[in-house]
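Trainee: Got a predicted model here, sequence first, then my questions.
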Number of protein chains: 2
Amino acid sequence: MAKKSVTSAGEKPKPYHHGNLVEALIAATVELIEERGVEQLSVREVAKRAGVSPGAPFRHFRSKTALLTAVAEQAMDRLTASVARAVSDVDNADPAAAFEAIGHGYLEWALANPTHFQIISSRTLIDFEASSSLLDQNRAIRETMVELLTQAQHQGRLASDVDLEQLVLAARAFVYGLARMAIDGHFPEWHPSEPPAIAVRRALCLFMSQMIVPPKRDLAEPEKPL
Amino acid sequence: MAKKSVTSAGEKPKPYHHGNLVEALIAATVELIEERGVEQLSVREVAKRAGVSPGAPFRHFRSKTALLTAVAEQAMDRLTASVARAVSDVDNADPAAAFEAIGHGYLEWALANPTHFQIISSRTLIDFEASSSLLDQNRAIRETMVELLTQAQHQGRLASDVDLEQLVLAARAFVYGLARMAIDGHFPEWHPSEPPAIAVRRALCLFMSQMIVPPKRDLAEPEKPL
DNA sequence: CTATGGTGTAATCACTGATTACATGCGAGA
DNA sequence: TCTCGCATGTAATCAGTGATTACACCATAG
């Protein structure tokens, strides 16, 4: 931004060094993907939008995949933040509610940022395994889910014989499926009148009420599950 | 195959006209995607594998997208067949079992044919809206699901106040999420010892037992269904 | 004021999807 | 049977892509 130009003429400074090309490239990448989709993305256009030569990005990112991985890392930070925010809004003493909040925070962010979500969830566009940031945050969320379910189980809100990891997998699959259906365009065929966000939210509530917190009447009886 | 060659020399016939280029191209496309992934697919290599010039495919498919759409249509036929087969294997009088069978048939096929599934579910690689075949079969499956749940509800196996379309959406999201997690590579991070197919199957059973068919533990029926 | 090294440029490579003009030969109509 | 139309495949070509390289630029340390 504020660079002192030594160019003789008083015209546009246009410094040789961009100043902060890395972030500018990431921002330009996100913009272009949102405008034209991931498939149409080219590094050349990213460079052009950042006002830089076609080869410049490769000075900072070894490959197109590396650039997209950087975008994914930034996106994952925001996703984690959205999840954390949603969790912090519910009662700390209610692990089941916190568990549901994870889903809501996840879906809310995914629907609001379909582009970023698409990049995160794809394992072909980015080099997922090479990014410790992505791996760590992903694992952290899963571990939190298991912990919350464990607490819920101790509170008697879950059957004692249910496999928590299995339940976490199911919940992840469900939320992931909802998000991907929305992103992949499987919702227009559904109900044009109802926006995906509402349908998704209702579906999640239905899932939670049936799956995570069984109705009290079931627990009232002497537990003889199957 | 059996083409009469009029070539003077007795060498390789190599007829000018391929005979059945369309299907050969589709087959070659599938092969290449399975070998190197969808991102790496190029029409040139498809043509090369079919033993034809780089421009030949464009005589039959307007674009790369059109070629992939043709692959998707063939794939959807097989998916529908897999679902129908799974449904036909269960008791006709048990709509809940048939409903679950749809999920099993869907997941079985998706895990066995990740490439095809990836193409079908993507709405950017193919021109989904332009293919009446894809639209019709997709809609048919959804309608069948609603019908089965309606029957199950009449049998008292479902709460009478539950929104069936909402439940179908949830089930679709769940199955879709499981399939995509497997295809997108979200399972290696889980349990390397357990193959995805088993984890997926268990998850689906868990989902069905909790969600679709509330356990009727109070009913002591002499018959043991499966 | 120089030289060192990080940053961006320009030229280039192999490859892609796509289009066009042209070559080929199968099969229908005489 | 012969011929010719036309579907089918070829060759040449285009613009655009990811990626690499040699080189130009410039901020700053000494």
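Mentor: Looks like it arrived, so ask away.
Trainee: pLDDT wise, what is the residue in chain A positioned nearest to chain B at?
Mentor: Per CB to the nearest CB, residue A:177 is where chain A lies closest to chain B, at 2.3 Å. Glycine gets a C-beta too; all of them are placed from N, C-alpha and C. pLDDT recorded at residue A:177 is 97.
Trainee: could you give the mean pLDDT of the one helix or strand residue A:201 maps to?
Mentor: Under the criterion of DSSP states H and E, residue A:201 resides in helix A:196-207. Taken as a whole, helix A:196-207 has an average pLDDT of 92.
Trainee: now the angle from that helix to helix B:196-207?
Mentor: Orientation check (axes from the mean of the first three to the mean of the last three CA atoms, to 10 degrees): helix A:196-207 against helix B:196-207 gives 80 degrees.
Trainee: could you say what helices and strands helix A:196-207 packs with?
Mentor: With contacts taken as 3 or more CB pairs under 8 Å, 6 or more residues apart in numbering or on different chains; DSSP states H and E, helix A:196-207 sits against helix A:95-112, helix A:164-183, helix B:164-183.
Trainee: Do the last one and chain A come into contact?
Mentor: Yes - counting by CB under 8 Å from any CB of the partner chain, contacts between helix B:164-183 and chain A involve B:166-167, B:169-170, B:172-178, B:180-181.
Trainee: Select from those residues the one having the most neighbours.
Mentor: residue B:178 (31 neighbours; other CB atoms under 10 Å in any protein chain shown).
Trainee: what's next to the helix holding residue A:201, contact-wise?
Mentor: Contact partners of helix A:196-207, identified using CB atoms under 8 Å, 6 or more residues apart in numbering or on different chains, comprise A:100, A:103-104, A:107-108, A:111, A:171, A:174-175, A:178-179, A:182, A:187, A:190-191, B:163, B:166-167, B:169-170, B:173-174, B:211.
Trainee: and that helix with helix A:95-112, angle?
Mentor: Using the same axes, to 10 degrees: helix A:196-207 against helix A:95-112 is 160 degrees.
Trainee: now helix A:196-207: how far from the chain's centre is it?
Mentor: Centroid separation between helix A:196-207 and its chain, computed with CA atoms, centre = their mean, to the nearest Å, is 17 Å.
Trainee: and what of stretch A:124-144?
Mentor: With CA atoms, centre = their mean as the basis, stretch A:124-144 stands 11 Å off its chain's centre.
Trainee: Check what contacts that stretch and list those residues.
Mentor: A:38, A:65-66, A:68-69, A:71-73, A:76-77, A:79-80, A:83, A:102, A:119-120, A:168, A:172, B:37-39, B:185, B:189.
Trainee: now stretch A:62-81
Mentor: By CB under 8 Å, 6+ apart, the residues outside stretch A:62-81 that reach it are A:22, A:25-26, A:29-30, A:33, A:41, A:43, A:46, A:57, A:61, A:106, A:109-110, A:113, A:116-117, A:119-120, A:125-128, A:130-131, A:133-134, A:137-138, A:140-141.
Trainee: What about those, which are in helices?
Mentor: Members of those lying in helices (criterion: DSSP state H): A:22, A:25-26, A:29-30, A:33, A:43, A:46, A:57, A:106, A:109-110, A:116-117, A:119-120, A:133-134, A:137-138, A:140-141.
Trainee: restrict these to contacts with DNA strand D.
Mentor: Residues of the ones in helices among the contacts of stretch A:62-81 in contact with DNA strand D (CB under 7 Å from any atom of the strand): residue A:43.
Trainee: which of the ones in helices among the contacts of stretch A:62-81 count as buried?
Mentor: Buried members of the ones in helices among the contacts of stretch A:62-81, counted by 16 or more other CB atoms under 10 Å in any protein chain shown: A:25-26, A:29-30, A:33, A:43, A:46, A:57, A:106, A:109-110, A:116-117, A:119-120, A:134, A:137-138, A:141.
Trainee: got the end-to-end distance for stretch A:120-138?
Mentor: Distance between the boundary residues of stretch A:120-138 (CA to CA, to the nearest Å) amounts to 10 Å.
Trainee: Could you do stretch A:120-129 as well?
Mentor: First-to-last residue span, stretch A:120-129, CA to CA: 12 Å.
Trainee: buried set for that stretch?
Mentor: Buried residues in stretch A:120-129 (16+ other CB under 10 Å): A:120-122, A:125-128.
Trainee: now, which of those residues sits nearest DNA strand C?
Mentor: DNA strand C lies nearest to residue A:125 out of these, by CB to the nearest atom of the strand, at 16.5 Å.
Trainee: isn't residue A:184 right next to residue B:123, touching?
Mentor: Yes - using CB atoms under 8 Å, residue A:184 is in contact with residue B:123, at 5.4 Å.
Trainee: Tell me, what's the model's pLDDT at residue A:138?
Mentor: 95.
Trainee: Do I have it right that residue A:180 meets residue B:180?
Mentor: Yes - judged on CB under 8 Å, residue A:180 makes contact with residue B:180 at a distance of 5.3 Å.
Trainee: Centre of the chain to the lengthiest helix in chain A, how far?
Mentor: Ranked by residue count under DSSP H, the longest helix found in chain A is helix A:64-88. Distance of helix A:64-88 from its chain centroid, counting by CA atoms, centre = their mean, is 6 Å.
Trainee: Tell me if it is near DNA strand C.
Mentor: No - using CB under 7 Å from any atom of the strand, helix A:64-88 never reaches DNA strand C; the gap is at least 13.0 Å.
Trainee: mean confidence for that helix?
Mentor: Mean predicted confidence for helix A:64-88 is 95.
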